[in-house]
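Novice: Sharing a model that was predicted from the sequence below.
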Amino acid sequence: MHIYELNGKRPRIHKTARVLDGAVVAGDVVIGPDVLVSWHAVVYAEEAPLEIGRGACIGDGALVHARGNPIRVGDYAMIGHGAQVCDASVGNRAQVGINAVAIHGAFVAEESMLAADSFLWKEAMNPRTLWAGRPAKEVDSHHEEGLEKRAHEKLAIFGTMQVVDLRSVQYE
């Protein structure tokens, strides 16, 4: 993991959060309890603060970026692999699908989902809805149960990992 000061601000990471190897965290970022920032995710705040709530999961290679507006990724929210959340916020228990993009003040509302490969720009979603497409439009009502349990399961899995010497896993 790579932790950087940016514009005179340093990240604050709760002691129960996990930031995996290759991830980058920089600037005025607060990472809450039980958060997972996965491999090669980039989380940074340039000019405005960024907060990641309890139990959120930032997937492999995802980008979460605060530039001009304070942003928040809500409690138990899930940001999919390769997704981009730039100057946009994500509500509690909301999901941003794999490779989806939310930018410029967009808001993924509580318990809603922005589908994989979708693009949300300057929109405020309604709670418990599914949005899809480029540009994203509301397509259905949606509700996901058990995100708190899934967040703890992810932390438990990554808590069992240990660094292994390359020589001990090579074969001929």
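Specialist: That came through fine.
Novice: quick one: pLDDT of residue 14?
Specialist: Looking at residue 14, its pLDDT is 95.
Novice: Does it touch residue 33 like I think?
Specialist: Yes: under the criterion of C-beta atoms under 8 Å, residue 14 makes contact with residue 33 at 4.5 Å. For every residue, glycine as well, the C-beta is placed using N, CA and C.
Novice: Can you pull up the most central residue in this protein?
Specialist: residue 58 (3.1 Å; C-alpha atoms, centre = their mean).
Novice: Contact partners for that one?
Specialist: 23, 35, 36, 37, 38, 41, 43, 52, 64, 73, 79 (C-beta atoms under 8 Å, 6 or more residues apart in numbering).
Novice: and the third one, what are its bridge partners?
Specialist: Looking back up the chat, that one is residue 36. residue 18, residue 57 (DSSP bridges).
Novice: didn't it look like it was pressed against residue 17?
Specialist: Yes: Residue 36 lies in contact with residue 17 (C-beta under 8 Å); the separation is 7.4 Å.
Novice: for the helix or strand harbouring residue 47, packing partners?
Specialist: Element membership for residue 47, per DSSP states H and E: strand 42-52. Helices and strands touching strand 42-52, by 3 or more C-beta pairs under 8 Å, 6 or more residues apart in numbering; DSSP states H and E, are strand 24-31, strand 63-66, strand 71-73.
Novice: so of those strands, which one's packed in deepest?
Specialist: Across the helices and strands packed on strand 42-52, averaging neighbours per residue (mean count of other C-beta atoms under 10 Å) puts strand 71-73 on top, at a mean of 24.
Novice: I'd like the next helix or strand past that one.
Specialist: As assigned by DSSP H and E, the chain's next helix or strand after strand 71-73 is strand 78-79.
Novice: At which residues are the helices of this protein located?
Specialist: Using DSSP state H, the helices of the chain run over 147-159.
Novice: quick revisit: can you tell me how far the residue nearest to the centre of the chain sits from residue 79?
Specialist: For residue 58, the distance to residue 79 (C-beta to C-beta, to the nearest Å) stands at 5 Å.
Novice: Residue 67 too?
Specialist: 17 Å.
Novice: and what of residue 130?
Specialist: Distance from residue 130 to residue 79, counting by C-beta to C-beta: 16 Å.
Novice: Same question for residue 110.
Specialist: 15 Å.
Novice: re the thing from before, give the partner strands of the strand holding residue 47 in its sheet and their orientations.
Specialist: In the sheet, strand 42-52 lines up against strand 24-31 (parallel), strand 63-66 (parallel), strand 71-73 (parallel) (DSSP bridges).
Novice: starting at the chain centroid, how far to the second one?
Specialist: Right, strand 63-66. 8 Å (C-alpha atoms, centre = their mean, to the nearest Å).
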